[in-house]
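> got a predicted model here, sequence first, then my questions.
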Amino acid sequence: MCVEREAGVSISYRDAGVDIEAGDAVVAGLRGIGDGRPHPNVIGGLGHFGGFYRLGAQYPGATLVSSIDGVGTKLLVASIAGQLDGIGADLVNHCVNDIAACGAEPLFFLDYYGTGKLDPDDALTVIGGIARACAGLGVALVGGETAEMPGLYRDGDFDLVGAIVGLVDEAKIVDGSAVAIGDVLLGFPSDGLHTNGYSLVRAALGIAHDEISRERLAGPAPFDMTSTLAEALLRPHRSYLAETRALVQSGLARGMAHITGGGLPGNVARVMPDGLAAEIDATAWTPPPLFDYIAEMGHIAVDECFRAFNMGIGYVVAVRPEDVAEAVRLVPDVVEIGRVRHGVPGCQVLHSGLQRSPGE
């Protein structure tokens, strides 16, 4: 339907819903984030048509590794709770963890922030968190896109995407092809939900854009009286870069899996060669009470929990049995959670000893 405007009445971009001045305010604010020292490999700064990263001379076999991802509907929970501070770290750590699973060192990062109505304060909180997370990991933030698109997003909603590029020696790529029968699977503890399963979390807990949900999120977590429910649900995605770097540089990592969407069975299976299968004993660790609470509230079956959530294990590394002691020395908080067996490629999570939820 076309609506005619009164003759002679002009409209502006702001009238159409796009505030250029608000966008300029975000860019200006970003220049003031950090300690003012640019990354040594970045040429120029933010604001040009492209971001420049100086690679310099490289060794034979130097290979670029890239990945792109988001943080899912964790954005909605953070928005409802009014806690956007950790979202930037969520995005950066998620993306860096993905390429670290290939044995890569991260080089530079780009982000996309899209919204229906740009709130400069919210945008600076989120993108500022991205900048600080990048700086903390030694990654260059070379650019990004902040887009205001009225009609595509509802007011107050926004989407967030990050892209990471890293470097790995082709001869030292970790892709699971070296995994062998008898290898031990070591699990790295997670710091909570990380960035996956939030649609199921919102359904299980009845979280919506309403005052009742905001009050519940601001109240104490039923399973941890030292934390609000929002804090428990929104704990930032843990970075595993230091741990994976130690294992890769020592030559111990034969296959690595970042436990994101699909949980343990869906992600560990991605690094199993033909003819081999991962077998994980879920009684080897105790899932944090957050996961029990969500399962009980939503009457979620155990199998479904392991497919949707990380269940307390955020990363898995396959090592030779004789290397377990050294791996534990390098990464003291790892837990032995399984073995590699002969079988159809995949991952089986054995959880018969776990308490089943009331809905089963």
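Looks like it came in fine.

> show me the helices in the stretch 51-200 of the chain, by range?
Taking DSSP state H, counting those that start in this stretch as the test, the helices found in the stretch 51-200 of the chain are 74-81, 87-100, 120-137, 198-205.

> where does the prediction get shaky in the chain?
1-8, 32-37, 352-360 (pLDDT under 70).

> pick out the residue nearest the middle of it.
The centroid of the chain falls nearest to His94 when counting by Cα atoms, centre = their mean (2.7 Å).

> any idea how far Arg14 is from Thr146?
Arg14 is 16 Å from Thr146, where distance means Cβ to Cβ, to the nearest Å. (Each C-beta comes from the backbone N, C-alpha and C, glycine too.)

> residues in contact with the closest residue to Asp175 other than its chain neighbours?
Spatial nearest neighbour of Asp175, chain neighbours left out: Cys102 (6.6 Å); criterion: Cβ to Cβ, 6 or more residues apart in numbering. By Cβ atoms under 8 Å, 6 or more residues apart in numbering, Cys102 lies in contact with 65, 166, 168, 173-175, 256.

> and if you look at Glu145?
Glu145 neighbours (Cβ under 8 Å, 6+ apart): 110-114.

> reformat these as JSON lines; add neighbour count and distance to Gly72.
Output for the contacts of Glu145, formatted as JSON lines (neighbours: other Cβ atoms under 10 Å; distance: Cβ to Cβ, whole Å):
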{"residue": "Leu110", "neighbour count": "19", "distance to Gly72": "19"}
{"residue": "Asp111", "neighbour count": "23", "distance to Gly72": "15"}
{"residue": "Tyr112", "neighbour count": "16", "distance to Gly72": "14"}
{"residue": "Tyr113", "neighbour count": "23", "distance to Gly72": "15"}
{"residue": "Gly114", "neighbour count": "17", "distance to Gly72": "15"}
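
> nearest to Gly162, of these?
The nearest member of the contacts of Glu145 to Gly162, counting by Cβ to Cβ, is Asp111 at 5.0 Å.

> contacting residues around the closest one?
Contacts of Asp111 (Cβ under 8 Å, 6+ apart): 91, 127, 130, 141, 144-145, 160-163.

> buried subset of those residues, written for PyMOL?
To isolate the buried ones among the contacts of Asp111 in PyMOL, judged by 16 or more other Cβ atoms under 10 Å, type:
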select buried, resi 91+127+130+141+144+160+161+162
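
> return the subset of the contacts of Asp111 lying in strands.
Applying DSSP state E to the contacts of Asp111, the entries found in strands are 141, 144-145, 160-163.

> how about a markdown table for those, with distance to Val26 added?
Below are the ones in strands among the contacts of Asp111 laid out as a markdown table (distance: Cβ to Cβ, whole Å):
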| residue | distance to Val26 |
| --- | --- |
| Leu141 | 14 |
| Gly144 | 10 |
| Glu145 | 11 |
| Leu160 | 14 |
| Val161 | 16 |
| Gly162 | 17 |
| Ala163 | 19 |
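
> what's the closest of those residues to Gly314?
For the ones in strands among the contacts of Asp111, the nearest to Gly314 is Gly162 (17.6 Å; Cβ to Cβ).

> surely that closest one meets Ile68?
Yes. Using Cβ atoms under 8 Å, Gly162 is in contact with Ile68, at 7.0 Å.

> between these two, what contacts are shared?
With Cβ under 8 Å, 6+ apart, Gly162 and Ile68 have common neighbours Cys95.

> Asp98 contacts His258, correct?
Yes. If you go by Cβ under 8 Å, Asp98 and His258 touch, sitting 5.4 Å apart.

> and the residue nearest to Gly88 when sequence neighbours are not counted, how far from Ile164?
Distances taken as Cβ to Cβ, 6+ apart place Gly129 nearest to Gly88, at 2.3 Å, with adjacent residues excluded. Noted for Gly129: a distance of 16 Å to Ile164, by Cβ to Cβ.

> let me see the contact set for Ala178.
254-255.

> mind redoing it with 6 Å?
Under the criterion of Cβ atoms under 6 Å, 6 or more residues apart in numbering, the contact list for Ala178 reads Arg254.

> any idea how far Leu247 is from it?
13 Å.

> then Gly88?
From Gly88 to Leu247 the distance is 26 Å (Cβ to Cβ).

> for Cys333, what are its contacts?
Let me fix one detail, which is that residue 333 is Asp and not Cys. Pro189.

> so which residues of this protein form strands?
Under DSSP E, the chain gives strands at 42-43, 52-53, 62-70, 105-115, 140-148, 158-169, 184-189, 220-221, 224-228, 255-258, 276-281, 313-319, 335-342, 346-350.

> okay, Arg14 and Thr146: which has more neighbours?
Thr146 (20 against 11; other Cβ atoms under 10 Å).

> touching, the more buried one and Tyr112? I think so.
No. Assessed by Cβ atoms under 6 Å, Thr146 is found out of contact with Tyr112, at 8.2 Å.

> and the nearest residue to Pro289 once chain neighbours are set aside, how many neighbours?
Nearest in space to Pro289, with sequence neighbours left out and distances taken as Cβ to Cβ, 6+ apart, is Phe223 at 3.9 Å. Using other Cβ under 10 Å, Phe223 has 16 neighbouring residues.
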